[in-house]
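S.K.: no FASTA, just this:
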Ligand code: C3H
């Protein structure tokens, strides 16, 4: 996109109207709020739906498998962002991708809303995976479109958007979690579907007025010749995958374990391929190349961070269900409620962090230093949760406040990494790959969860201390390395702060 086009897009968006930010932020805030409401609402009950016995309304899958499926699911949801980013950059632009993605997500939740078997469960998963891949990175890219390069409201805009994400993530486990756990899982999934429907309504009815041209352009459209080549390759690829599945399942070569391993490998290979393609593209300038190099250590840090943070909804959800005193201070706590703690802390602390960065002005830590801090906090959040077992063994139930403390500490890290990373991604992106660079950011989450699918197998109440200790310790070591490398990485960012 040329500087002139960028200017045309920015001036088509009403520049005030939502807390001093472009009016389009309101549209994107509420669309993402409802999308996250549906996604996290569904996830808050999904693990229990999978491993509860059939007589209790669940699918009766064994617990370890259910935890691995949660991680694989989470990984694929973000991996499919590469499809969404590619479609947006090369075929229909980010705005259409958000719309189609929302429709697929809603259909996915509708499938789960009806009592069904394991096949229905996998169909729903496929719809939500593709739908989220189309919606999630692209909605974040549109935010970047609304601000000019020099606009210093951009970081704050991402923080506000991040609050929308977490408002959805906070309310949904309470609403969907309570209904799903106390009445019926399917009713819970039905509420998630209604949530996505409301998000689509907001998007469709306000986008024209609030978003102007943002999200409507195709930055790097396919030429007719490329179209033919690409569609033939996609067709062949799909046929090959179909054939491998058709042969692999009956012969026993494609088992659940091999599939998990495959996703793990893809979690590493895909971002590598992305980095190489962007770096080598003739459309990437020298400055953009240097920024891609700076992005690599940030990406690795992000993988480590999300590996810990995402275990909040798998390992720590299981810890809440199995290891925690749920009758506490005269009330019975639902294990799903713990999922609301992280977003609650985010909503309350995000304005504090935004204020702190503004107050520190030029003295605020650089992007790489903020990432190093996030790893430090992530590591500490795991070291804290090994203490109850250290002091009291693994036989007695643990005071829920330990879990609350762990969720709080990881949020300090999240606020140093996630809104900062979203904003930095839009600034560091090569122009021809703007939506795809956002997909790359989400690939860090995908890689993290693919790795998690391998490591959650090592978690049992007996190995709890070693598990939290090793992973927490690794994060702290990585944090120290990143602190040391920060000035070098900053210099490769070529002026981006
Ligand atoms: O969803 C995103 O884009 C990024 N993630 C977040 O913003 C998280 N703070 C959401 S919290 C969590 C993953 C879901 C809450 O319903 C729970 C973590 C324990």
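M.R.: Sure thing, it's come through. From a predicted model like this one, the values you see are computed outputs, not experimental measurements.

S.K.: Would you confirm that residue 354 contacts residue 159?
M.R.: Yes - shown here, residue 354 and residue 159 form a contact pair, counting by Cβ atoms under 8 Å, at 4.7 Å. Backbone N, C-alpha and C define where each C-beta goes, glycine included.

S.K.: In this protein, what residue lies closest to the ligand?
M.R.: residue 312 (2.5 Å; Cβ to the nearest ligand atom).

S.K.: just the strands in the stretch 101-250 of the chain please.
M.R.: Secondary structure of the stretch 101-250 of the chain, counting by DSSP state E, counting those that start in this stretch: no strands present.

S.K.: How about the residues of it by the ligand?
M.R.: 165, 166, 169, 173 (Cβ under 6 Å from any ligand atom).

S.K.: So which of those is surrounded by the most neighbours?
M.R.: residue 173 (29 neighbours; other Cβ atoms under 10 Å).

S.K.: List the contacts of that residue.
M.R.: 40, 41, 44, 336, 337, 339, 340 (Cβ atoms under 8 Å, 6 or more residues apart in numbering).

S.K.: And the next helix or strand past the helix or strand hosting the third one?
M.R.: Secondary structure assignment for residue 44, by DSSP states H and E: helix 24-51. Note on helix 24-51: by DSSP H and E, the next helix or strand toward the C-terminus is helix 63-79.

S.K.: residues touching residue 354, list them.
M.R.: Residue 354 makes contacts with 155, 156, 159, as judged by Cβ under 8 Å, 6+ apart.

S.K.: Apply 7 Å and report the result again.
M.R.: With contact set as Cβ atoms under 7 Å, 6 or more residues apart in numbering, residue 354 has these partners: 156, 159.

S.K.: what helices or strands is the least confident helix or strand in the chain by mean pLDDT leaning on?
M.R.: None of the helices or strands of the chain scores lower by mean pLDDT, DSSP states H and E than helix 3-12, at a mean of 80. On a contact count with 3 or more Cβ pairs under 7 Å, 6 or more residues apart in numbering; DSSP states H and E, helix 3-12 meets no helix or strand.

S.K.: Residues contacting it, please?
M.R.: 145, 146, 147, 148, 212, 213, 214, 217.

S.K.: So which bits of the stretch 301-450 of the chain are right by the ligand?
M.R.: 312, 313, 339, 342, 343, 346, 414, 418.

S.K.: And the residues you listed, which two are furthest apart?
M.R.: 339 and 418 (16.8 Å; Cβ to Cβ).

S.K.: Which of the two has more residues huddled nearby?
M.R.: residue 339 (28 against 25).

S.K.: which residues does the residue of the chain positioned farthest from its centre contact?
M.R.: No residue in the chain sits farther from the centre than residue 330, which is 35.2 Å out by Cα atoms, centre = their mean. Contacts for residue 330 (Cβ under 7 Å, 6+ apart) come out as none.

S.K.: just residue 78 next, same as before
M.R.: 442, 443, 445, 446.

S.K.: so which of those is the most crowded?
M.R.: Neighbour-wise, the contacts of residue 78 (other Cβ under 10 Å) top out at residue 443, 30 neighbours.

S.K.: residues contacting that residue?
M.R.: By Cβ under 7 Å, 6+ apart, residue 443 lies in contact with 78, 79, 81, 82, 270, 271, 274.

S.K.: Including pLDDT and distance to residue 465, could the residues you listed go into JSON lines?
M.R.: Compiled in JSON lines, the contacts of residue 443 are given as follows (pLDDT from 0 to 100; distance: Cβ to Cβ, whole Å):
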{"residue": "78", "pLDDT": "91", "distance to residue 465": "30"}
{"residue": "79", "pLDDT": "93", "distance to residue 465": "32"}
{"residue": "81", "pLDDT": "92", "distance to residue 465": "35"}
{"residue": "82", "pLDDT": "90", "distance to residue 465": "37"}
{"residue": "270", "pLDDT": "92", "distance to residue 465": "34"}
{"residue": "271", "pLDDT": "93", "distance to residue 465": "32"}
{"residue": "274", "pLDDT": "90", "distance to residue 465": "37"}
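
S.K.: that older thread, will you turn the contacts of residue 173 into a markdown table that also has distance to residue 464 and pLDDT?
M.R.: As requested, these are exported to a markdown table (distance: Cβ to Cβ, whole Å; pLDDT from 0 to 100):
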| residue | distance to residue 464 | pLDDT |
| --- | --- | --- |
| 40 | 25 | 93 |
| 41 | 28 | 93 |
| 44 | 23 | 87 |
| 336 | 21 | 78 |
| 337 | 22 | 82 |
| 339 | 20 | 85 |
| 340 | 23 | 87 |
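
S.K.: Where do the helices of the stretch 251-400 of the chain begin and end?
M.R.: For the stretch 251-400 of the chain, applying DSSP state H, counting those that start in this stretch gives helices covering 256-280, 286-310, 315-322, 341-360, 367-385, 387-392, 400-428.

S.K.: who wins for proximity to residue 471 among these?
M.R.: So among the helices of the stretch 251-400 of the chain, helix 367-385 is nearest, using Cβ to Cβ, at 5.5 Å.

S.K.: count of residues packed around residue 484?
M.R.: 10.

S.K.: Kindly report the same for residue 203.
M.R.: Residue 203: 24 neighbours (other Cβ under 10 Å).
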